[in-house]
Every structure is written in structure tokens, then in C-alpha cells.
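Enquirer: Okay, sequence plus prediction incoming.
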Amino acid sequence: MLSSALLENPLRQGLSSGRVAPPCSLVIYGASGDLTARKLVPALFELYEKHLLPVSFNLIGISRSAISDEDFRKKLKEALLQSKPQVSDAIWNSFSQNFHYHAGGYDDFKVYQALAVKLNELDEKNGTVGNRIFYLSTPPNVFEEIISNLGAAGLAKEEKGFSRVVIEKPFGHDLDSAKELNQKVREVFKENQIYRIDHYLGKETVQNFLVMRFANSIFEPIWDRRYVDHIQITASEDLGVGTRAGYYESSGILRDMFQNHLFQVMCLMAMEPPVIFEANAIRDEKLKILQAIRPFDEQTVRTHAIRGQYGPGFLAGQKVPGYRQEAGVDPQSITPTYAAIKIFLDTWRWHGVPFFLRSAKRLPKRTTEAAIQFKEPPNLLFKNNMTELSPNVLIIRIQPDEGITLKFETKVPGMSMEARTVNMDFRYGTSFAEGTSEAYERLLLDCMLGDATLFIRGDETEAAWAALMPVLNLWETTQPEGTFPNYEAGSWGPAEADEMMEKPWRKWRKL
Ligand SMILES: NC(=O)c1ccc[n+]([C@@H]2O[C@H](COP(=O)([O-])OP(=O)(O)OC[C@H]3O[C@@H](n4cnc5c(N)ncnc54)[C@H](OP(=O)(O)O)[C@@H]3O)[C@@H](O)[C@H]2O)c1
């Protein structure tokens, strides 16, 4: 029974935010894993603390490991305490009172039948009114199995309440497997029940692209081929492959970062304003960008796509091994850990404007940003008086130090007519008292609320794979030109990536 004091307390119900989730049960498949402990449950806890989690809420973890309800809760609590050591036993107990665990194989139909019974019992007991979310947090090889069993057990039906499925990345390994997975999911769930996650879209700064572009009048008029010289999107990591060699050897940087995260950021930078702020209207516009990527052929893959792999080097003064020396990596591996791609979008707005996308492991620092470099002024009034002027650049920092910087030229004080580049800075950290939310917090809440704006639609994921396939195909069937490794750990990547910029005023940003 819910306490009436809780129900009557508007703050507890998060009414002040207007976005409190409805009563529901969240079933996590693969609940014994890293994502559940490190991201999902801490995100749920944040929602709970902000009074955005419904009072009637059940969490049911399912995976093969034989652990008790008690041990499941203990493991989750220990993981939460890593980031929130101040959480008391009383708060934890209140938060986790409706957490359960069920051990079972993903192929065992009896587990799904038992789940259906359990969910009905919990609906009766806790008032969760038949609303269910099934979160697939397993490796992708069991996604199809879980989905078809959910369908067979009648759990996808929306008789009493909603039934939604959240699918973790990677969504497919290539275009064919993504199409097949889409087909299998759609045999069981309707598109509006499917939530394909790209956690980048849950990041505050990524969402701010939409606000910045479409809630300000100063940016949109200059956001096109007339004013923009080129756009750079970078996601660099200082870490190597770590313990994920098994996954990484079969995926590489293109699947891991481009098909999803970098393409999504590019879509938000490039898309037309949607007619309404609604999931399908936004996703329609993103889809048009993915469909407008000029198709690669063998020649343009060679000139517009540069691959690399790190060798041994130094990071923060520490010697680190090369990719081929990492545990679990084939010593002859040609898996790319670096990619830089030049993309043209065949749209009126972006005709002739290159989008440079790069991502890599073992670069000097971890940072993700999108930078718009503007064209030089048409009349170079100062060309005889001044040394080189730098182009205006608008930088949107996605992580870390989330914010926006505008670089522009200004006169240096004094008698000479000298210009220098200065920054106008906005930092989330210093401009707002509120901290930025973790991506999973936002995405879990949106899913509970039925808002799919920040999730990928099936046609988007297929369009992204279709655009990338010529690069993947050529890279997987040919040896790299030159030798691998071709960049030292701790450097900014192979020199060939600079050559793709073509023009002297276009350079990869030093971050
Ligand atoms: N961890 C992250 O930060 C992160 C970030 C973005 C996306 N993801 C995605 O989220 C999903 C879950 O990530 P994770 O890091 O939690 O994965 P994980 O720890 O490798 O796997 C989650 C659980 O799935 C089960 N499992 C592992 N290998 C399996 C196999 N071959 N067949 C069937 N079940 C298997 C295991 O549970 P049992 O053995 O108990 O069944 C494991 O505890 C993955 O799709 C991953 O790509 C993760």
C-alpha cells in the first residue's frame, strides 16, 4: 500500500517539474552487468532524488547469474555508493524496496511466463497499472531472442498499460544485420514502442544544439553554405581499448563512434528546423540529413576517409602499449582505432560545405566537440596592416567542460592596428546552479514518459549504416595504405588526416 502522505506530497511526486514519470515496471535484461550497476541504477537514483521517479515503481533484473534478490540489491548499492557515498541505508532501502531479481536464460520461455505472472502481481500490489519497459542491456547477440520471447509471452501487448522496449547499442553490425534486427523487433513491437538508445543524445549539450539553433535568432541566418566554411566534429579518447578487445576487434572505431554518435551530432548540427518540437518531426529532419550524405565510392573512400591504429607511445608521462600489443588483440590486426572522414551533404543549405568527422583512441585527451568555422570576411580591409587573421569559430563542447565558445578577432590595445583572437565563453558549470544531468537519467525518464525525441528511429539507423557501408567494406577487405600502426599513442593521429583538409585555412583543431 502506498502511504497517503507520499501521494499527497506534491514535491515527492515531482509535480513542480511537470515531468514526473507514470507508475511503471522496468525490466532489465543483462541486469548482472556493468551498465546496470554503473549507469542505469545511479540514473534511476538521481530521478528518485529529484522526485521524478513514480512512487509506484518496480525494477526487475533478469540475467543468467544465480544471485538472490538480496545480493542483487547489495551489488547495486555498492556500485551507487562509489559515486554517492552519502546515501544512507534508509534512503537506499526506500529507493530499492521494489527491486527484484530473477535468474534465468534468455532462451528459456518459462522465465518469460514467470515474468508475466510476476508483473501482474506487482501491478496489483504496487499500483503499476500494467505499464512495462523492457530494457535490453545484454550483448546484442541475444537481442532477437529476448524480443521474440517477450512477444510469445504476450508481454509486448498494450492491453492495460504501455509496453516499451529499450535497445542498447550497437544496433546491428552492418546494414543487413540492422535491417534484420529492425524487422524482428517490428514483428513484436510497433515502432512507437521501440526506443533505440544512443546515449549521446541524452547529453545536455547535445540537446542544447536544438535550443541554440532554434531558440536564438542570431545563429540560424548564418548557418549555411554562405557563411560556414566547414564543420568539424571530434570525439577523442585518451584511453586505449582496455578490457574491451573482444568487442573492439569486431567493431572498430567506425561502428563504435561514427554510425551512431558522430552521425547523430552531425544531424543535429545540419538538420532543417522541424515544424514542431515532437519526436517524429525531429527524427524526419535528422533522417533527411543521413539520406543526404553523398555516397562514397572506392575512390572517395581512399581520399575522404583516413584510418589509423595506435602504436606504443606516452600518455601523461606513462608509457602505453600499442593496439596490437593489447590483451586479446590480434598482433596483425587491421582494426582501425582512428578515423577521419570528410562528408558532403547534398542539400541546398550545405552545398559545398565539408563536414570533417574524426574519432580515435589514445589521443592526447578526452574531449568531444563540434566546431563551425566561418568564412573569412569578403573585403580583407586589414590585409596590408596585419599579420594573418584567424577565422571565426563557434565551438560547442559536448564533454568535458560543457559549454560554448565563440572565437573572434579583436584589436590589441595600443597604437598599432594589430588583431588577436579572443574567446567569448559560456560554461554550463559556472552559468547554472543546476548540475547537468547524466544522459541515462534523461533517457530513462523520457522513455517512461513516452517521449522518443532523443531515441533513434529504425529508418535513421538504417540510413546511417547505408552511408557508412562503403567505407567499412573497403577497410575490412583491403590492407591499409602504408603500415599500421600509423600514429603514436599520445599524438593527434596520422599525418594523412591533415591532407584531407585540402585548403591552407582548414586545419584540425588542436584541442
Ligand atoms: N557499459 C557501458 O558503459 C555501456 C555503454 C554504452 C552501451 N552499452 C551497451 O549496453 C549493453 C550492456 O552493457 P554491459 O557493459 O552491461 O554488458 P556486459 O556486462 O558485458 O553484459 C551484461 C550482462 O549480459 C550477460 N551476458 C554477457 N555476455 C553474454 C553473452 N555472450 N550471451 C548472453 N548474455 C551475456 C551477462 O549476464 P549473465 O551472464 O548473468 O546473463 C552480463 O552481466 C551492451 O549492449 C553494451 O554494448 C554499455
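Expert: Alright, I've got the coordinates.
Enquirer: What is the neighbour count of the closest residue to the ligand within the stretch 351-500 of the chain?
Expert: Nearest residue of the stretch 351-500 of the chain to the ligand (Cβ to the nearest ligand atom) works out as residue 440 at 9.0 Å. For every residue, glycine as well, the C-beta is placed using N, CA and C. Counted by other Cβ atoms under 10 Å, the residues lying close to residue 440 total 21.
Enquirer: what helix or strand is it on?
Expert: In this assignment (DSSP states H and E), residue 440 forms part of helix 439-449.
Enquirer: what's the answer for residue 460, then?
Expert: Assessed by DSSP H and E, residue 460 sits inside helix 458-477.
Enquirer: By neighbour count, which bits of the helix holding residue 440 are buried? Give me those.
Expert: For helix 439-449, burial by neighbour count (16 or more other Cβ atoms under 10 Å) applies to 439, 440, 441, 442, 443, 444, 445, 446, 447, 448.
Enquirer: what does stretch 371-390 give?
Expert: Within stretch 371-390, the residues scored as buried using 16+ other Cβ under 10 Å are 371, 372, 373, 374, 375, 386.
Enquirer: Check stretch 43-63 too.
Expert: Under 16+ other Cβ under 10 Å, the buried positions of stretch 43-63 are 43-48, 50-63.
Enquirer: check those residues against the ligand, which are close?
Expert: By Cβ under 6 Å from any ligand atom, the members of these lying near the ligand are residue 63.
Enquirer: out of the buried residues of stretch 43-63, which are inside strands?
Expert: 57, 58, 59, 60, 61, 62, 63 (DSSP state E).
Enquirer: Return the set of residues that bridge with the fourth one.
Expert: By that I understand residue 60. Here residue 60 sits in beta bridges with residue 27, residue 100, as judged by DSSP bridges.
Enquirer: Now for the residue of the stretch 1-150 of the chain found nearest the ligand, how many residues are close by?
Expert: The minimum distance from the stretch 1-150 of the chain to the ligand, using Cβ to the nearest ligand atom, falls at residue 33 (2.4 Å). For residue 33, the neighbour count with other Cβ under 10 Å is 17.
Enquirer: So what does the residue lying farthest from the centre of the chain have for phi and psi?
Expert: Most distant from the centre of the chain: residue 415, at 49.7 Å, with distances by Cα atoms, centre = their mean. Phi and psi for residue 415, reported as degrees, to the nearest 10, are phi -80, psi -30.
Enquirer: Compute the distance between it and residue 422, please.
Expert: Residue 415 is 19 Å from residue 422, where distance means Cβ to Cβ, to the nearest Å.
Enquirer: ditto for residue 166
Expert: 44 Å.
Enquirer: When those two are compared, which one has more neighbours?
Expert: Counted by other Cβ under 10 Å, residue 166 and residue 422 do not tie: residue 166 has more neighbours, with 22 against 12.
Enquirer: How about the most centrally placed residue in the chain: what's its closest non-neighbour residue?
Expert: Nearest residue to the geometric centre of the chain (Cα atoms, centre = their mean): residue 200, 2.2 Å. In this structure, residue 200 finds its nearest non-sequential neighbour in residue 261, 4.3 Å apart by Cβ to Cβ, 6 or more residues apart in numbering.
Enquirer: repeat for residue 139
Expert: Distance criterion Cβ to Cβ, 6+ apart; nearest residue to residue 139, sequence neighbours excluded, is residue 30 at 7.6 Å.
Enquirer: okay, now the one you found: neighbour count?
Expert: Other residues within reach of residue 30, judged by other Cβ under 10 Å, total 23.
Enquirer: That one: what's it in contact with?
Expert: Residue 30 is in contact with 36, 62, 63, 136, 137, 138, 139, counting by Cβ atoms under 8 Å, 6 or more residues apart in numbering.
Enquirer: Can you read off the backbone torsions of residue 211?
Expert: Here is the backbone geometry of residue 211 (degrees, to the nearest 10): phi -70, psi -50.
Enquirer: and residue 182, how many neighbours?
Expert: Counted with other Cβ under 10 Å, the neighbours of residue 182 add up to 21.
Enquirer: Please report the distance of it from the ligand.
Expert: According to Cβ to the nearest ligand atom, to the nearest Å, residue 182 and the ligand sit 16 Å apart.
Enquirer: Excluding covalently adjacent residues, which one is nearest to that residue?
Expert: residue 458 (4.5 Å).
Enquirer: can you list contacts of the helix holding residue 460?
Expert: Under Cβ under 8 Å, 6+ apart, the answer for helix 458-477 is 171-172, 174-175, 178-179, 182, 185-186, 191, 194, 196, 252, 254-255, 258-260, 263, 267, 283, 286-287, 290-291, 293, 295-298, 301-302, 305, 307, 334, 336, 341.
Enquirer: Buried members of these into PyMOL, please.
Expert: Buried residues within the contacts of helix 458-477, by 16+ other Cβ under 10 Å, are selected in PyMOL with:
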select buried, resi 171+172+174+175+178+179+182+185+194+196+252+254+255+258+259+260+263+267+283+286+287+290+291+293+296+301+305+307+336+341
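Enquirer: which ones among the contacts of helix 458-477 are found in helices?
Expert: 175, 178-179, 182, 185-186, 252, 263, 267, 283, 286-287, 290-291, 298, 301-302 (DSSP state H).
Enquirer: how about the residue of the stretch 101-250 of the chain found nearest the ligand, what does it touch?
Expert: The ligand sits closest to residue 168 of the stretch 101-250 of the chain, with a gap of 3.6 Å, by Cβ to the nearest ligand atom. Residues in contact with residue 168 (Cβ under 8 Å, 6+ apart) are 35, 135, 136, 137, 138, 140, 197.
Enquirer: Same question for residue 372.
Expert: Applying Cβ under 8 Å, 6+ apart, we find residue 372 in contact with 223, 228, 231, 269, 393, 394, 395.
Enquirer: Residue 219 now?
Expert: 212, 213, 394.
Enquirer: want to throw the buried residues of stretch 371-390 into CSV with secondary structure and distance to residue 73?
Expert: What follows is the buried residues of stretch 371-390, written out as CSV (DSSP: H, G, I helix; E, B strand; the rest coil; distance: Cβ to Cβ, whole Å):
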residue, secondary structure, distance to residue 73
371, strand, 45
372, strand, 47
373, strand, 51
374, strand, 54
375, coil, 58
386, coil, 66
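Enquirer: give me the number of residues near the residue nearest to residue 313 when sequence neighbours are not counted?
Expert: Closest residue to residue 313 apart from its sequence neighbours, by Cβ to Cβ, 6+ apart: residue 489 at 3.2 Å. Residue 489 has 24 neighbours, counted by other Cβ under 10 Å.
Enquirer: before we move on, what about residue 357?
Expert: 24.
Enquirer: Ok, residue 508 next?
Expert: Neighbours of residue 508 (other Cβ under 10 Å): 17.
Enquirer: isn't it right up against residue 233?
Expert: No - contact criterion Cβ atoms under 8 Å: residue 508 and residue 233 do not qualify, at 11.3 Å.
Enquirer: Need the overlap of contacts for the two.
Expert: With contacts taken as Cβ under 8 Å, 6+ apart, the residues that reach both residue 508 and residue 233 are 356, 358.
Enquirer: who in the stretch 101-250 of the chain is up against the ligand?
Expert: For the stretch 101-250 of the chain, the residues in contact with the ligand (Cβ under 6 Å from any ligand atom) are 137, 138, 139, 140, 141, 142, 168, 169, 199.
Enquirer: and with 5 Å instead?
Expert: The stretch 101-250 of the chain has residues 137, 138, 139, 142, 168 near the ligand, with proximity defined as Cβ under 5 Å from any ligand atom.
Enquirer: Might one say that the fourth one is in contact with residue 148?
Expert: Which is residue 142. No - Residue 142 lies out of contact with residue 148 (Cβ under 8 Å); the separation is 10.7 Å.
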